[in-house]
Structures are given as structure tokens and as C-alpha cells.
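>>> My questions are about this predicted structure, shown below with the sequence.
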Amino acid sequence: MKKIILFVMISVFVLPLQAQSKATNTSPRIIILATGGTIAGSGESATKAAYTAGKVPIDDLLNAVPQIHAYGKISGEQIAQIGSQDMNIVTWLKLSKRINEIFKNNEADAIVVTHGTDTQEETAYFLDLTVVSDKPVVLVGAMRPSTAMSQDGNRNLLDAVMVAASPKSQGKGVIVAMDEKIYDARDVTKTSTTNLETFQSRNFGPIGLIYDGKVNYYYQSVRNPSKKFDITKLSSLPQVEIVYGYADASPNPVYCMINSGPKGIVYAGMGNGNFGEPVGKALAEAAKKGILVCRSGRAGSGRITLENEVKDAELGFVVADDLNPQKARVLLMLSLTETSDRTKIQENFFEY
Ligand code: SIN
């Protein structure tokens, strides 16, 4: 019995202190901004799938991984406590403004954002387009809730802190660290509803790997323009909707959208952003009414190419290049805060 008590005391008090004591005056200051998600999820059983996302507060998340203190001076802030299916533009603006403020006031050297995996790719890309700093911003999540057997959140959080602390992560834009891999925010996407290895960059692969406490990069995206979108005065973004393409699709969803007054429509088309005739006619009518129509694709990888199968200029469309529909929506919303000029917006899709 005495041995058990001694073991528990060493595990709970001594080991965490040892890990914490490794941070020095020169260690990077890392702020962890928590938004919820499965990484903060809690369930009644360690072996069943049912759980509620976003239950565990930031302090408990940090206390569960005392090893993070070996990599920097860590503090936490709760930005939101939601499942990322409820992520929204107001929270994106709050998060981005807070990160810009932290860097402007020199409050931290790097940021980690804990986030649900469902919309993590959209938040990562939004931050990539709006955070003005070369300092690391690393998003992380988990596929299993914190109460599950073999949960992945603690390891992912430790890895994300290592990535944020690494000098090699400077100037990479916003990145996602999950499952021992590092992804560029622009290219990463969630590919599986249940697999641990859900995140992938289908066109280009991960830019780096995390293993055995070491962070290694192999590639870097050149789609990281220094000019970011200025959101300082914004409290909302222009309305942009997404419509899905499929065989024998009715144009009704497009007409319903037109009537709801959006500034843009992203079309998740078949193959190279293609549509059947009725949907094409409805999208062309939308473009004639001044709605910015962007052709994207539902295939999951590859580019949507301009003026190949579709007469984009004649119909008034732009193409998303290799952005998936949900990321094309993010770039279109931000672009529309600056211009409604089709040519300029097309340039953005080839630049960002
Ligand atoms: C969520 O996105 O908040 C739920 C799913 C997850 O985090 O894996």
C-alpha cells in the first residue's frame, strides 16, 4: 500500500515538477488558446464512442500533460468551448484578433490553438490569411475524447507545443500538428470521420514530421503571401454559400441561394468543377446578378482549371484552383471584404 502511495505521489507531484523545471528564462513563451472540440471532449466510458465535445476546460487540458512545460513557458486562455461544428465567423474574428494582439504586444513567442477536427482546416486557413506574424501558430485536435482509452489528445498537444517551440517553425504560416505530422493550413483537410490519421494534404503531403521529441520539416508552401487580409474593423464577413454538384442535380438550391442575397456562391462541382446544364444556367444567372460564383470540386484533390471545360469568362465565374469548397469559401469571403472585381478575386485564388 505504501509503495502505491509513494508511486502516486511521485507521478503526480515530482515528475510534473521535473518536466516543468526544464523551462528556462530563454524558453519560448507559448500561449495555448482553447476553443473546445474532441481534444476537450468527455465521455462516460473509456471504451465507448459516445462523448460530448468541448467539455474539459483549458487548465485541466494543460494539467493532463505536464511534459509541455519542458518546452516553454506555457499559459492558457479559453476562447470558446464548443464542438467545431459550431465554429462560426464571430469566433474566427475573435481568435484572429486575439492572436494578432498577442504578437503585437509581444505577449508570446508562439501560439497553439486547440480545436475540434471537424472544421479545423477552415479555421487554420482563416488564421493563415489574417494573422500578421512570422511567429508560429499551431492548431491541434484529437479524434478520441480526453476520457477515452488510448486517447490521442495528450500526445498531440505535447507535439503541438514542441512544434510551436521549435525555431524551425518560424515563417511557415499557420500549421496543423496532428498524429506526428505537420501540415500547411492551406492544404490540410479532414479525410475520415473516425480514423486517428484523419488529416491529410491530398495534393502535397505533410510538410514535416514530429517523432521522438524532434521536429523536422521537409517542404514549405510558397502560397503564403506576406499581405494578409485586414480584419481589425470587421465584425462579420460577406455571406458566401456552398452548393454541391451531383448527377442530375436540380437548380433549385442555387435559386434558393440567389433569393437569400449572398455575395458569393462556391460550387462544389463534379470532376473539374463541372455542372449539368440546369445548374450551369442557374449559376450563370447568379453571376449576372453580381454574385461572385467560384467553381470548386468535390473530388477531394487536384485543381479546377480555368477556361478548359467551362467558358468561365463568358459565364462570369472564377475557379478555386486546388482549394476545396470549404476553403474556397473562406478565401472568397475575405476577398469580398476588399473587392467584388472578378479578375482581382481570380488573382487571389492563384496567389493565396
Ligand atoms: C469537433 O470538431 O469539435 C468534434 C470532432 C473532433 O474534434 O474530432
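Received the coordinates, thanks.

>>> State the distance from the residue of the chain found nearest the ligand to Y51.
Here the chain gets closest to the ligand at one residue, G116, 2.0 Å apart by Cβ to the nearest ligand atom. No exception for glycine: its C-beta is placed from N, CA and C like everyone else's. Here the distance between G116 and Y51 works out to 12 Å (Cβ to Cβ, to the nearest Å).

>>> The two: which has the busier surroundings?
Counting neighbours by other Cβ atoms under 10 Å for G116 and for Y51 shows that G116 has the greater number, 25 against 17.

>>> Number of residues surrounding N252?
For N252, the tally of surrounding residues (other Cβ under 10 Å) stands at 11.

>>> Pop out the phi and psi values for it.
Backbone torsions of N252, given as degrees, to the nearest 10, read phi -50, psi -40.

>>> let's have the chain start at 20 instead
From this message on, residue numbering opens at 20, which makes the last subject N271.

>>> Roughly how far does it sit from P281?
Shown here: N271 relative to P281, a distance of 15 Å by Cβ to Cβ.

>>> and the residue of the chain closest to the ligand, helix, strand or coil?
With DSSP: H, G, I helix; E, B strand; the rest coil as the basis, the three-state label of G135 is coil.

>>> Please tell me how far it sits from E260.
Distance, G135 to E260, by Cβ to Cβ: 22 Å.

>>> do K191 as well
Shown here: K191 relative to E260, a distance of 32 Å by Cβ to Cβ.

>>> When these two are compared, which one has more neighbours?
The residue with more neighbours, out of K191 and E260 and counting by other Cβ under 10 Å, is K191; that gives 23 against 18.

>>> Next, the more buried one: phi, psi?
Recorded main-chain torsions at K191 are phi -100, psi 0, according to degrees, to the nearest 10.

>>> repeat for K233
Here is the backbone geometry of K233 (degrees, to the nearest 10): phi -120, psi 140.

>>> Give me the pLDDT for A72.
We note a pLDDT of 87 for A72 in this prediction.

>>> wait, it sits on G62?
No: under the contact definition of Cβ atoms under 8 Å, A72 does not touch G62, with a separation of 10.0 Å.

>>> who has more neighbours, these two?
Neighbours of A72 and G62, each counted by other Cβ under 10 Å, are more numerous for A72; the result is 25 against 20.

>>> For F122, the count of nearby residues, please.
19.

>>> Show the contacting residues for T217.
Under the criterion of Cβ atoms under 8 Å, 6 or more residues apart in numbering, the neighbours of T217 are T136, M162, M197, D198, K209, T210, S211.

>>> Pull up the gap between it and A161, please.
The span separating T217 from A161 equals 10 Å under the rule Cβ to Cβ.

>>> just the buried members of the contacts of T217?
Among those, those buried by neighbour count (16 or more other Cβ atoms under 10 Å) are T136, M162, M197, D198, K209.

>>> doesn't T212 make contact with the second one?
To tie it back to what came earlier, the one meant is M162. No: counting by Cβ under 8 Å, M162 stays clear of T212, with 9.4 Å between them.

>>> other SSEs contacting the longest helix belonging to the chain?
Ranked by number of residues, the top helix in the chain under DSSP state H is helix 108-123. Applying 3 or more Cβ pairs under 8 Å, 6 or more residues apart in numbering; DSSP states H and E, one finds that helix 108-123 contacts strand 48-55, strand 92-101, strand 129-133, helix 139-149.

>>> could you check whether the last one is close to the ligand?
Which is helix 139-149. No: applying Cβ under 6 Å from any ligand atom, one finds helix 139-149 separated from the ligand by no less than 7.0 Å.

>>> just the second one next, same as before
No: taking Cβ under 6 Å from any ligand atom as the criterion, strand 92-101 and the ligand are apart, separated by no less than 7.2 Å.
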